[in-house]
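Student: here's my sequence, what's the structure:
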Amino acid sequence: MEQEAKTLFVPGRICLFGEHSDWSGGFRRFNSDITPGATIVSGTNQGLYARVKTHPNCLVLSSTTDTGEKFGPLSIPMRKQDLLEEARKGTFFSYVCGVAYKILTDYTVGGLCIENFKTTLPTCKGLSSSAAVCVLVARAFNTLYDLKMTVRGEMEYAYQGEILTPSQCGRMDQGCAYGDRPILMKYDGEFLDVDELTMSSTPLHYVLVDLQGSKSTTEILKGLQEGFPVARTDIHKGVHDLLGPINKDITERACKLLAVGDAEGLGKLMFEAQAAFDKYAQPACPSQLTMPLLHKVMTHPKLLPLVYGIKGVGSQGDGTGQLLCKNAKAQEEVQKILQDELNMPSLLLTLSSGPEIKSAVIPAAGFGQNHFPATLPVRAELFPIVTKSGVAKPIIFYNVESLVQAGIERIFIVVQEEDLHSFERLFKKPVSRANYAKLSQANQEYSKQILKMGEKVEFIVQEQQEGFGHAVYCAKDKIGNEPFLLMLGDHLYHTSAPDGASCVKQMLDAYKRHQRSIVGLKRTNIQEVSSFGAMSGVFLRDNPNDDGTGTDAGHKQLLDVSVIAEKPTISFAKEHLAVPGLDDSEVLTVFGQYIISPKVFTFLEENISSNVRDNGDFAFTPALQRLQKEDGLLGLLVEGQRLDIGSPESYMRTIQTMVQD
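Tutor: Residues are numbered from 1 along each chain as shown. Take a look at the predicted model:
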C-alpha cells in the first residue's frame, strides 16, 4: 500500500517590534553592559504548503514558488557529508539540507519526500521565507519519525540548520514555528527565551506592503554592527540605546497593549518606534536607512485617516512596511490605495486571540455497572439531580445547560445505540400536548427553552464500547480541525468562584488567554489518588518578579504539566506527583473538563489502528501524554467542585451537596 502523505503548513513571520535586537542581545556574550534584546514576532497568514512522507534513504524536494514557478524534484542521499556540502552552496535546497544534516546528527532517521505544492509567501521581503522552509523540514522529520520535539525544539533545529547555509538569518526568524500567534523572544547572549503572548479577543488588522524598493541587508547589518560589542562613537552609542533600553521599553509597552487589544495605542507606539529607529539607526547606515519609500507611505494623506500606525519591517530599509488599520474595511481600502496610487502590492494579516471554543464532547456511552440494576432502563447520565431552587434535572441536562450558557454552540454526546431514544426524548422531542397542559406556566416556558437548547445538541453513536479514548475518537469527524471542550458525563461541576463564573467559563477564559490545551485540576487528598487521573508539574509565574505562586493574569492557578498518571498508587504519587507549593498530603487530580487540541485525534487513531489497549480498552491518557510531550499542556485549578455520580454512595453525596449549596 502506498504511503499516505501528511499535509503541513508553515507561515512566514513578521517582526512587529524589536528588529535587530536579536543579534544585539547576542553581543552580551562579549559585553554585559549591553541590554538584552526583545522582539515581538508573529506568523503571517501566508506561508508554505507541503505534502510530506518518508523516503528510505534520500532527501527529495519539489517546490512551487509564489509566482507559480516549479522546481525539482531534487534529490540527495541522506549522508551527513553530502547534506553539509549542499547546505553550504547557498541554494534554495541548501536550507532543506542544512536542517536534515542537523536532524541526522542527533537522530536515527531515514529520508523525506517534500512536495511544496503551494506557496503564498513572497521571498526577499522581510517575511523569513527561508526560515519557513527550515521549520517545515524540521516539522516534517518530527511528525513522520515521531521525534517528540516541542515547537521550541523544531524552531531550534530550523535555526541550527539555516546557519549552516550562507544565510544571514537572525535568532528571531524561526519564530514562525509558533504559527499566527504573537510571541515575545528575548535574547541574552547565547540564551533565548520564548513566551507566547496573551491577546485580547479584539482582532488587529495589518497590511504588509511591498515598498518596491531595493535594500541590502548585508550593508544594513554592517553599519549597525560596527559599534558592537563596544560603542566607540556617538552614533554607536545611539544604536546601543535604540536596540537596548529604548527597545526594552517599547516591547514591554507593546505586550501590555496587545493583551488589552488597544489597537490605537499600538499604532501610536509603531510611529514612536519608527521615529526612534530613524533617529538612531539611520546615521549608522544612511545609504540604506533613509527609506524614502517607507516615509512616503507614512505621510500619505489618504492612508493616515485609515490607520493607527505605520513602521518598517525586518531589517528595515525600503523593503516592506506594516500598517495597522482601524478595522477590516479600512484594511481593504488601504490595500487598494497602495496598489492603485503607489503601485505597491501588499498582503493582509489579521491577528486575533486564536480560535474560540465552539464545540464540546460529552462521552455518555458507558454501562454504569456500579449503578446496576438501575442503569438497565436508564443511563446514569440521565439520573435526576435536584438543584437548590428545587428544580429536578437529569445530570446530562445540567451539564449541557452549563455549556450553552458559556457560549458553546455545538455539543456532541456520545451514546450507545440502545440509549439514543432516551437522550433524544430529553433534548429533541416536545412534551405531548396533554402533558404540556399539566405544566406550570414557568415550566411550559422552560420546555420551550429545552428544545431551543436541544438544537445545539447532536448525538454520536458508539457502536462498540471500547473505552474512554475510543468514545472521544468517535467525535473526530464532527469536531474536525478545531480545539474542543471535553467533559466527563458522569460528573457534575459546581462553581465556587467569587464572581460566579461557571467551571466551564473558567476553562474557556484560561484557554482564551493562553491558547494551549488545558486540563481542569482539583486539589485532592493523596489517599484518594488511585481513583482519579493525576498530574504534576510546576506552577506558572505571571512575571519574572512575582513570588512564584503561579497565578495568571486572571488570578487562576496554572500548572505547566510534566507528568500525567492514570489512577496511580499512593507510593507512585508520593514519588512522582508532588507539586512545589502544595502540601505533601495533596495531589492534583483531573477535574473532568478539558480543552484539547484536535491533534489528540491523531494520537488516538494511531493507538486504535495499532490495537494498543489498556485493560482491554482504548484509553485516553496515552494520547494526552503524547499531546503534553509534543505541544505542552496546562492545568487549571478550577474554582469549584467535581461531584461524582459514578457509584450509589457518591451519587447520594452529590444530591446532598447540590441541595445544600
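Student: burial count for the residue nearest to residue 225 when sequence neighbours are not counted?
Tutor: Taking C-beta to C-beta, 6 or more residues apart in numbering, and ignoring the residues beside it in sequence, residue 225 has residue 23 as its nearest neighbour in space, at 7.1 Å. C-beta coordinates here come from the backbone N, C-alpha and C atoms, glycine included. Number of residues near residue 23 (other C-beta atoms under 10 Å) recorded here: 18.
Student: residue most distant from the centroid, the chain?
Tutor: residue 434 (51.8 Å; C-alpha atoms, centre = their mean).
Student: and residue 106, what does it touch?
Tutor: By C-beta atoms under 8 Å, 6 or more residues apart in numbering, no residues touch residue 106.
Student: other SSEs contacting the strand or helix carrying residue 156?
Tutor: For residue 156, the host element (DSSP states H and E) is helix 151-162. Where contact means 3 or more C-beta pairs under 8 Å, 6 or more residues apart in numbering; DSSP states H and E, helix 151-162 is packed against helix 92-106, helix 129-144.
Student: can you put those helices in TSV and add mean pLDDT and distance to residue 480?
Tutor: Converted to TSV, those look like this (pLDDT from 0 to 100; distance: least, C-beta to C-beta, whole Å):
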stretch	mean pLDDT	distance to residue 480
helix 92-106	93	30
helix 129-144	91	19
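Student: looking at these, which one is packed in the most?
Tutor: Most buried of these, by mean neighbour count (mean count of other C-beta atoms under 10 Å): helix 129-144, with a mean of 26.
Student: after the longest helix anywhere in the chain comes which helix or strand?
Tutor: In the chain, assigned by DSSP state H, the helix with the most residues is helix 263-280. As assigned by DSSP H and E, the chain's next helix or strand after helix 263-280 is helix 286-289.
Student: please export the C-alpha coordinates of stretch 93-101 as PDB.
Tutor: C-alpha atoms of stretch 93-101 as PDB (Å, rounded to 0.1, in the frame of the first residue of the first chain):
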ATOM      1  CA  PHE A  93      17.900  23.300  -1.500                       C
ATOM      2  CA  SER A  94      20.600  24.300   1.000                       C
ATOM      3  CA  TYR A  95      18.000  25.200   3.700                       C
ATOM      4  CA  VAL A  96      16.400  21.800   3.400                       C
ATOM      5  CA  CYS A  97      19.800  20.000   3.500                       C
ATOM      6  CA  GLY A  98      21.100  22.100   6.500                       C
ATOM      7  CA  VAL A  99      18.200  21.100   8.700                       C
ATOM      8  CA  ALA A 100      18.400  17.500   7.500                       C
ATOM      9  CA  TYR A 101      22.100  17.500   8.400                       C
END
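Student: and the contacts of it?
Tutor: So stretch 93-101 is contacted by 59, 61, 74, 76, 78, 80, 83-84, 86-88, 112, 114, 130, 133-134, 137-138, 141, 157-158, 160-167 (C-beta under 8 Å, 6+ apart).
Student: at 7 Å what do you get?
Tutor: Applying C-beta atoms under 7 Å, 6 or more residues apart in numbering, the contact partners of stretch 93-101 are 59, 61, 74, 76, 78, 80, 83-84, 86-87, 114, 130, 133-134, 137-138, 157-158, 161-162, 164-165.
Student: burial count for residue 70?
Tutor: With other C-beta under 10 Å as criterion, residue 70 counts 11.
Student: same thing with the one 4 residues further on?
Tutor: Residue 74 sits with 17 neighbouring residues when counted by other C-beta under 10 Å.
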